[in-house]
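# This is the structure alone, sequence omitted:
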């Protein structure tokens, strides 16, 4: 089925004027909340926040547009970025500053619009120091399941900035121009939120929320379908060696 997107809104910033109607549930059960401690807020000093996810002890996955200044179109300085794992109730399980950023090689903040930008809206952030806590388990990435399959999203948003919400009633509606379309309803601050498939024994990331839109009058969300091109090289070596390849730890597979 061909999916026509009536409006694409990139979730660049927080806006108190946007009303939320998210069909999601708060992570209130302790055992459920602990499962998602690797999901957190990526804070930008004086610039709002996005959602981000630990994919290695030293690496975080988020949407590329989250680390760009919407007014100037330039990348924000890494000194302005901080990842707060498991942020809830004004406190995080771990706080980490960002050391470096790798943006998907096909992404261009100024040179792309619409679906073209969404298709590669991914960035890997390398933390200055690893998160070694045994109860904060990084997530792996996986291939996208077939159309119609159910997925889940864990995200923060402008109206629920102090605790993540879990939405497991989403379905994969289809794919258009290398962009995955989901029935998940998201809002400002949800950019970078991980989309999980839950049928592999453990949750695994298959996409990252980039934008919201509408289809047939219903809210939908859009994400890159290239998450499986994220490769984890090594995180153990990166904390004990200065070898250039080992220190990267995570990267994007290139053609």
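Noted; the coordinates are in hand. Computed from a prediction, not measured in an experiment: that's the story for all the values here.

# can you give me the helices for this structure?
Taking DSSP state H, the helices of the chain run over residues 30-35, 114-118, 244-248.

# weakest of those helices in terms of mean pLDDT?
Mean pLDDT is lowest for helix 244-248 among the helices of the chain, at a mean of 46.

# which stretches of the stretch 51-200 of the chain have low pLDDT?
The model of the stretch 51-200 of the chain has no residue with pLDDT under 70.

# Which parts of it are strands?
Taking DSSP state E, counting those that start in this stretch, the strands of the stretch 51-200 of the chain run over residues 59-62, 81-85, 94-103, 123-127, 150-157, 160-176, 179-182, 194-197.

# okay, those strands in JSON lines with mean neighbour count and distance to residue 211 next?
For every residue, glycine as well, the C-beta is placed using N, CA and C. What follows is these, written out as JSON lines (neighbours: other Cβ atoms under 10 Å; distance: least, Cβ to Cβ, whole Å):
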{"stretch": "strand 59-62", "mean neighbour count": "26", "distance to residue 211": "14"}
{"stretch": "strand 81-85", "mean neighbour count": "23", "distance to residue 211": "21"}
{"stretch": "strand 94-103", "mean neighbour count": "17", "distance to residue 211": "17"}
{"stretch": "strand 123-127", "mean neighbour count": "25", "distance to residue 211": "15"}
{"stretch": "strand 150-157", "mean neighbour count": "24", "distance to residue 211": "13"}
{"stretch": "strand 160-176", "mean neighbour count": "18", "distance to residue 211": "12"}
{"stretch": "strand 179-182", "mean neighbour count": "25", "distance to residue 211": "9"}
{"stretch": "strand 194-197", "mean neighbour count": "25", "distance to residue 211": "13"}
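
# Out of the ones you listed, which is closest to residue 205?
The closest of those to residue 205 is strand 194-197. By Cβ to Cβ, the value is 4.6 Å.

# ok, residues contacting that closest one?
The list of residues contacting strand 194-197 from outside it, by Cβ atoms under 8 Å, 6 or more residues apart in numbering, reads 39, 51, 53, 61, 139, 142, 144-145, 149, 151-154, 170, 180, 182, 184, 203-209, 223.

# So what are the sheet partners of it and their directions?
Using DSSP bridges, the strands paired with strand 194-197 are strand 150-157 (antiparallel), strand 204-215 (antiparallel).

# Could you point out which of the ones you listed sits nearest residue 104?
Nearest to residue 104, of the strands paired with strand 194-197 and by Cβ to Cβ, is strand 204-215 at 10.1 Å.

# Looking at that closest one now, give me its mean pLDDT.
Taken as a whole, strand 204-215 has a mean pLDDT of 91.

# Counting neighbours, which bits of it end up buried?
204-213, 215 (16 or more other Cβ atoms under 10 Å).

# related to what we said a few turns ago, any chance of the strands of the stretch 51-200 of the chain in JSON lines, plus distance to residue 250?
Shown next, in JSON lines, are the strands of the stretch 51-200 of the chain (distance: least, Cβ to Cβ, whole Å):
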{"stretch": "strand 59-62", "distance to residue 250": "4"}
{"stretch": "strand 81-85", "distance to residue 250": "14"}
{"stretch": "strand 94-103", "distance to residue 250": "8"}
{"stretch": "strand 123-127", "distance to residue 250": "5"}
{"stretch": "strand 150-157", "distance to residue 250": "20"}
{"stretch": "strand 160-176", "distance to residue 250": "22"}
{"stretch": "strand 179-182", "distance to residue 250": "21"}
{"stretch": "strand 194-197", "distance to residue 250": "14"}
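
# give the contact list for the nearest residue to residue 218 once chain neighbours are set aside.
In space, and not counting its chain neighbours, residue 218 is closest to residue 183: 7.5 Å by Cβ to Cβ, 6 or more residues apart in numbering. Applying Cβ under 8 Å, 6+ apart to residue 183 gives the contacts 169-171, 173, 218, 220-221.
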